[in-house]
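*Asks:* sequence first, predicted model second:
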Amino acid sequence: MSSPLLIARTLDNALYLLPAMANRHGLITGATGTGKTVTLQKLAESFSEIGVPVFMADVKGDLTGIAAAGQSSEKLQARLEKIGVSDWEPHANPVVLWDIFGEKGHPVRATVSDLGPLLLARLLNLNDVQSGVLNIIFRIADDRGLLLLDFKTSAPSPSLSAITPSLSRTSTAILTAPRSAPSSAGC
């Protein structure tokens, strides 16, 4: 079992988290500037040090600083001395930045099959007829043992177009039609 994780320290007290209890729910609240982000960074660093993977959604980009080693300053050294920390040494932490667009970080990847017909219909904001056609596409792909990877029509691997050429042209027209537009596919 890992030793307790030091989360915070004051002049008189230290706050520790037992790794065995870390699977419980937690809530960090406070006004602006009270240390919520620093607390999250410290938790992520501590878990990383004991080999526990951490996933954090960092919409504002406040948490990515843990990827680089911190820098010492006079103010920081004075604070460390005041609370009795003598063994502090800045270090970087392993970080993978996921990027939904795959432009500046690790791309988030999911196949069409991974999404499934229900989630895909919601993501594409499909109406009932469009959702029905999508369900048929998934059923045909399942029956034929095909994995739906993407929306490409010229992919060498199975895609929506690999099911049947005629169904693919029809479904592509339906899937890409705006929700309020009438379908010209004859459905």
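*Replies:* Nice, I can see it. Numbers count the residues shown, from 1 in each chain.

*Asks:* and what about the nearest residue to residue 72 once chain neighbours are set aside, helix, strand or coil?
*Replies:* Of all residues not flanking residue 72 in the chain, residue 90 sits nearest, at 6.6 Å (Cβ to Cβ, 6 or more residues apart in numbering). For every residue, glycine as well, the C-beta is placed using N, CA and C. Three-state secondary structure (criterion: DSSP: H, G, I helix; E, B strand; the rest coil) places residue 90 in coil.

*Asks:* pLDDT value on residue 90, please?
*Replies:* Turning to residue 90, the model gives it a pLDDT of 90.

*Asks:* what's the domain layout of this protein?
*Replies:* Domain segmentation of the chain under automatic domain parsing yields 5-107, 112-176.

*Asks:* looking at those, which has the lowest confidence?
*Replies:* domain 112-176 - the lowest mean pLDDT of the domains of the chain, at a mean of 72.

*Asks:* my read: the residue nearest to residue 72 touches residue 69, true?
*Replies:* Yes: using Cβ atoms under 8 Å as the test, residue 90 is close enough to residue 69 to be in contact (4.3 Å).

*Asks:* can you pull out the helices in the protein?
*Replies:* 36-49, 74-82, 112-123, 128-144, 165-176 (DSSP state H).

*Asks:* and the second one, how far out from the chain's middle?
*Replies:* If you compare the mean C-alpha spot of helix 74-82 with that of the full chain, they lie 36 Å apart, counting by Cα atoms, centre = their mean, to the nearest Å.

*Asks:* show residues contacting that helix.
*Replies:* Helix 74-82 is contacted from outside by 11, 86, 88, using Cβ atoms under 8 Å, 6 or more residues apart in numbering.

*Asks:* repeat that for 7 Å
*Replies:* Taking contacts as Cβ atoms under 7 Å, 6 or more residues apart in numbering, the residues outside helix 74-82 that touch it are residue 88.

*Asks:* okay, which residue is most central for the protein?
*Replies:* The residue lying closest to the centre of the chain (Cα atoms, centre = their mean) is residue 57, at 6.1 Å.

*Asks:* mind listing what residue 71 touches?
*Replies:* By Cβ under 7 Å, 6+ apart, residue 71 lies in contact with residue 90.

*Asks:* if I look at it, how far off is residue 77?
*Replies:* From residue 71 across to residue 77, the span is 11 Å (Cβ to Cβ, to the nearest Å).

*Asks:* list the buried residues of stretch 78-86.
*Replies:* By 16 or more other Cβ atoms under 10 Å, stretch 78-86 has no buried positions at all.
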